[in-house]
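[1] sequence-free structure coming up:
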């Protein structure tokens, strides 16, 4: 499993790993009951420290997305439908920064939505 | 009681109230506390002259100091064979060649793996039978690192390990450092190069003028802190604001503050949205700042 980590992003590295794993579940690249790479493998593959991967896995487990199974490793325990709300919640948090910025600059809700629509169209 | 002892003996490094004044009166380290956790890379980041090397020399028992240092819960001399160290000054006997240096290490250190040493030599393309006298600084660094990575240790201490290396080799070395923690080892790493620390550290201690100003996880910096930029013309009574450090430059004043909740305070005076600081910005404000209450 390949995850690109951007160290310059405002989003902490462990959060980036979490979001990417949820994304993979949504896109069905990772399916229910499938095993995640071990902490060690993941750390090696994506070039972050094992401690960071361990934190992502720990939090995903607490959120009920994955589960540690003795002798197997971490397995996915949710399906795309179940992860959707959780994923959107993460995105909402990330959107707060630009939205606050717009609000503070006196931009109205309708204009903000126009911006979102425009971005949606432009994104490939 | 037994349980507690066991836990203490697992702490790779515990430094308490470390102080060092050199005979010329220089106060190089002025009360440093530091604790390393297993399987983490802990970086000591600071400008030149901050006291990083003095801290490391004290930890290794190379100089006399005041304070308390425990390595795996013990005096350093009882656990020296569990530690590998790369000093800032990479000194060798000029007449040695990489091949001979490898043999010496093998004789001197029972935890040394010569075949791994050879692998690292090959990786760094070091000429096996050429005298070290003719080596560039980067080659000496590569040689020292090869010999260190070939040593089986539990705690690796690197003092500015990438000095003189080109960017590709530097990146390789960082990956080799990471491989140590993936293998369950612990690393203490000093550097004044911020992108390097950003790439390799779990935790960072920022050091200046012999003191540690901040210790925390890299991710924690992005979560706990924000930087608010205000115009230098703004009249600030800082007592009113929850500010941890203030850095002034010609065209702006940067305020370091924590968490989203306090931003209301700054609405009136800030000229931009609060920034999520990267290590670079955080370091700059802390080092240049004139108030530290972290």
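    Received the coordinates, thanks. Note that the coordinates shown come from a computational prediction; the quantities given were computed from them, not determined experimentally. Numbering: from 1, shown residues only, chains lettered A, B, ... in the order given.
[2] The stretch 101-250 of chain B against chain A: which residues are in contact?
    Taking Cβ under 8 Å from any Cβ of the partner chain as the criterion, the stretch 101-250 of chain B approaches chain A at residues B:175, B:178-179, B:181-182, B:198-200, B:202, B:218-220, B:222-223. In this view, the C-beta of every residue, glycine as well, is placed from N, C-alpha and C.
[3] change it to 7 Å
    If contacts are counted using Cβ under 7 Å from any Cβ of the partner chain, the residues of the stretch 101-250 of chain B sitting beside chain A are B:175, B:178, B:181, B:182, B:198, B:199, B:202, B:219, B:222, B:223.
[4] The fifth one - how many residues pack around it?
    Residues lying near residue B:198 (other Cβ atoms under 10 Å in any protein chain shown) number 20.
[5] Inside helices: which ones of the residues of the stretch 101-250 of chain B next to chain A?
    When helices are assigned by DSSP state H, the members of those inside them are B:175, B:178, B:181, B:182, B:198, B:199, B:219, B:222, B:223.
[6] about what we covered before: PyMOL command to pick out the buried ones of the residues of the stretch 101-250 of chain B next to chain A?
    Here is the PyMOL command that picks out the buried ones among these, judged by 16 or more other Cβ atoms under 10 Å in any protein chain shown:
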select buried, chain B and resi 178+181+182+198+199+202+219+222+223
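[7] in the worst-scoring helix or strand of chain A on mean pLDDT, what counts as buried?
    Sorted by mean pLDDT, DSSP states H and E, the helices and strands of chain A end with helix A:80-104, the least confident at a mean of 88. Residues of helix A:80-104 classed as buried by neighbour count (16+ other Cβ under 10 Å): A:83, A:86, A:87, A:90, A:99.
[8] Could you save the residues you listed as CSV and add columns showing distance to residue B:64?
    Supplementary listing: the buried residues of helix A:80-104 in CSV, determined by distance: Cβ to Cβ, whole Å:
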residue, distance to residue B:64
A:83, 58
A:86, 56
A:87, 57
A:90, 52
A:99, 58
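[9] Find the residue closest to the most centrally placed residue in chain A in space, skipping its chain neighbours.
    Computing the C-alpha centroid of chain A and ranking residues by Cα atoms, centre = their mean puts residue A:19 first, at 0.6 Å. Leaving aside its sequence neighbours, residue A:19 sits nearest to residue A:90 (Cβ to Cβ, 6 or more residues apart in numbering or on different chains; 5.5 Å).
[10] Am I right that the one you found is in contact with residue A:21?
    No: taking contacts as Cβ atoms under 7 Å, residue A:90 lies outside contact range of residue A:21: 10.9 Å.
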